[in-house]
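Undergrad: Sequence and predicted model, in that order:
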Amino acid sequence: MKRFPYLSLFFVLLCVRCAPAVTTTTAPKPRTLNVFAAASLTDAFTEIDEKFEAANPGITVTFNFAGSQALRTQIEEGAPADIFASANQKEMDTLITGAFIAQDVSQFFLTNKLVVILPADNPAALEKLEDLAKPGIKLVIAADEVPVGRYARQTLDQMNGPFGSNFKDKVLANVVSNEDNVKQVVAKVQLGEADAGIVYTSDAVAAPDLKTIEIPAELNMIAKYPIAPLANSANADLAATFIDYVLSSEGQAILQKWGFAPTK
Amino acid sequence: MKKVKQFFSLFLNDGHLTWLFILPSALLLALFVLPLFAVFLRAIDVNFFQNAFSAQAIKALQLSLLTSSVTTMITILLGTPFAYILARWSFRFKSWVELFIDLPIVLPPSVAGLALLIAFGRRGLFGSVLSVLGISLPFTSAAVVLAQTFVAAPLYMRSARIGFAHIEKQLEEAARVEGANQWQLFYEVMFPLAGRALFSGAILTWTRALGEFGATILFAGNLEGVTQTMPMAIYLGFERNLGIALALSVVLVIVSVFLLMLTRRLEKQGQD
């Protein structure tokens, strides 16, 4: 029983401490914008955010970078996102069908394409695309459900034309791991654990220490990235400001610097 | 002030006091039970068996059972003598050795996976030594076993150490007087006496190995039939086919419940 006076004293002190803080604040209320973005956007969006936050004091942008398919699932299960930037239209469509995103608000903001990356010292001595079918090399790609994994399989389909009808099967037989997002693929190649990986050109720009093998345009896939605000976002105004900035010439310049191409 | 006292005194007669115990317990129990209940509820539909017996699920189940069994066998073979040493011998730096054995229990599995990759990966600290021997660990089922052993073996070590330590010194001395050598002492006296502790430790290690995820995905990667264990299939299924993920979760929960019941039974028998 003796303790209770102290306890109430504690509460009184607590109230005394917080009361003025609440009433005397004059600066605009700090706000947070939750952006769920494809893992491939990690470097570009981080730089865009620096500029955006400098131009908009009091606003903090919090990113959740992961495979677009993982982000889509998180949003479906109720994660609090304000903006969704996907590496393919499929995940965006799923969210539009589920009414998480309104019709007609999604717009393409950049394109990306694929490239083969190799560790700097190229341990398997790969020189051309055909070498991907060399038996025994360790190839790492993203899983089929990850956008870049899907694009990679599609571009291998294209290569069946010039390199022989079972080229894709031979290459897929060399896959030692199906990673969960594109940055995991880059990491495995950077560590030298894999002999090659198939990623976006933007990832190769972000990892200049890696060697690359270009994929010619007629065999390559064009990945179009859509961006949209979430229908039940409590920060619709902020979301619009951020998307406008991404689409502005300033935002587009940053994206191009990181190896993305404009949508035209 | 008086009102505050009155408010708290509400709880202080015995009838209400019991709620001070029951309410927090109920909250925590709900946290443990409700999510599993939800998984069962959502998993059990017309497609449950189709999902649970899909090719991907079966492959993951087989791989999980195989790797976790190998992990448990390796743990018993190497961990039993080690636990015996720690329980019955005294030597310098023993407390340090014990610390390093307990460390994997508290370490995040992602740290374990990264550390294994940096040590035994192709470019790792010991990677060049391994490659001379023609061994490349990452992306293989062996890497899965290594990751599981790193994370799960300490549980067996703990149980075995306690089991050996509880054996009375007199028994050891009596066996010595009878002329038993070190091996006979271990195999004919200590091993049977600590048997129950060893067995329950082995089951704990097996259960933990079945559930290993974080270290495996970093060190072993993800390939169906080679490195894609059940927890990995659940994680990726979450993004593609929730049905398979839920069905596999149910299977894993049932297996874990069964194994835990077995250990509890053994512990009870040990007390009688």
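TA: Looks like it came in fine. Being a predicted model, the structure only gives us computed values, none of them experimental. Residues are numbered from 1 along each chain as shown, chains lettered A, B, ... in the order given.
Undergrad: Leaving out the residues flanking it, which one is nearest to the spatially most central residue of chain A?
TA: Geometric centre of chain A, nearest residue: residue A:38, 1.9 Å, by C-alpha atoms, centre = their mean. Nearest residue to residue A:38, sequence neighbours excluded (C-beta to C-beta, 6 or more residues apart in numbering or on different chains): residue A:87, at 3.9 Å. C-beta: built from backbone N, CA, C; applies to glycine.
Undergrad: Quickly note the distance from the closest residue to chain B within the stretch 51-200 of chain A to residue B:146.
TA: Going by C-beta to the nearest C-beta, chain B is nearest to residue A:177 of the stretch 51-200 of chain A, at 2.9 Å. In this view, residue A:177 and residue B:146 are 16 Å apart by C-beta to C-beta, to the nearest Å.
Undergrad: who's more crowded, those two?
TA: It is residue A:177, of residue A:177 and residue B:146, that has more neighbours when counted by other C-beta atoms under 10 Å in any protein chain shown, with 27 against 24.
Undergrad: Can you name every helix or strand that the one helix or strand residue A:53 maps to contacts?
TA: Here residue A:53 sits within helix A:42-55, counting by DSSP states H and E. If you count contacts as 3 or more C-beta pairs under 8 Å, 6 or more residues apart in numbering or on different chains; DSSP states H and E, helix A:42-55 packs onto strand A:59-66, helix A:201-206, helix A:236-247, helix A:249-257.
Undergrad: try 10 Å this time
TA: With contacts taken as 3 or more C-beta pairs under 10 Å, 6 or more residues apart in numbering or on different chains; DSSP states H and E, helix A:42-55 sits against strand A:31-38, strand A:59-66, helix A:182-190, helix A:201-206, helix A:236-247, helix A:249-257.
Undergrad: mind checking which of these is nearest residue A:105?
TA: helix A:236-247 (9.1 Å; C-beta to C-beta).
Undergrad: report the angle between the axes of that closest one and strand A:59-66?
TA: Following axes from the mean of the first three to the mean of the last three C-alpha atoms, to 10 degrees, one obtains 70 degrees for the angle between helix A:236-247 and strand A:59-66.
Undergrad: Please read off the pLDDT at the closest residue to residue A:121 other than its chain neighbours from the model.
TA: In space, and not counting its chain neighbours, residue A:121 is closest to residue A:192: 7.6 Å by C-beta to C-beta, 6+ apart. Listed pLDDT for residue A:192 reads 90.
Undergrad: Residue B:100 now?
TA: The model's pLDDT for residue B:100 equals 93.
Undergrad: Report the closest residue of chain B relative to chain A.
TA: Closest point on chain B to chain A, by C-beta to the nearest C-beta, is residue B:221, at 2.9 Å.
Undergrad: contacting residues around that residue?
TA: Residue B:221 makes contact with A:138, A:140, A:175-180, A:184, A:188, A:193-194, B:117, B:138-140, B:143-144, B:227-228, B:232, according to C-beta atoms under 10 Å, 6 or more residues apart in numbering or on different chains.
Undergrad: if we go to 7 Å?
TA: Counting by C-beta atoms under 7 Å, 6 or more residues apart in numbering or on different chains, residue B:221 touches A:176, A:177, B:138, B:139, B:227.
Undergrad: Mind checking what secondary structure it has?
TA: coil (DSSP: H, G, I helix; E, B strand; the rest coil).
Undergrad: what secondary structure does the nearest residue to it once chain neighbours are set aside sit in?
TA: Nearest residue to residue B:221, sequence neighbours excluded (C-beta to C-beta, 6+ apart): residue A:177, at 2.9 Å. For residue A:177, the assignment made with three-state DSSP gives strand.
Undergrad: so what's residue B:2 scoring on pLDDT?
TA: Predicted confidence (pLDDT) for residue B:2: 67.
Undergrad: Low-confidence ranges, the chain, go.
TA: Chain wasn't specified; assuming chain A. A:1-28, A:264 (pLDDT under 70).
Undergrad: Correction: the question concerned chain B.
TA: Short version for chain B, where the test is pLDDT under 70: B:1-16, B:270-272.
Undergrad: I'd like to know which elements the longest strand along chain A is packed against.
TA: Ranked by residue count under DSSP state E, the longest strand found in chain A is strand A:107-118. With contacts taken as 3 or more C-beta pairs under 7 Å, 6 or more residues apart in numbering or on different chains; DSSP states H and E, strand A:107-118 sits against helix A:147-163, helix A:182-190, strand A:196-200, helix A:201-206, strand A:211-214, strand A:222-229.
Undergrad: now do 6 Å
TA: strand A:196-200, helix A:201-206, strand A:211-214, strand A:222-229 (3 or more C-beta pairs under 6 Å, 6 or more residues apart in numbering or on different chains; DSSP states H and E).
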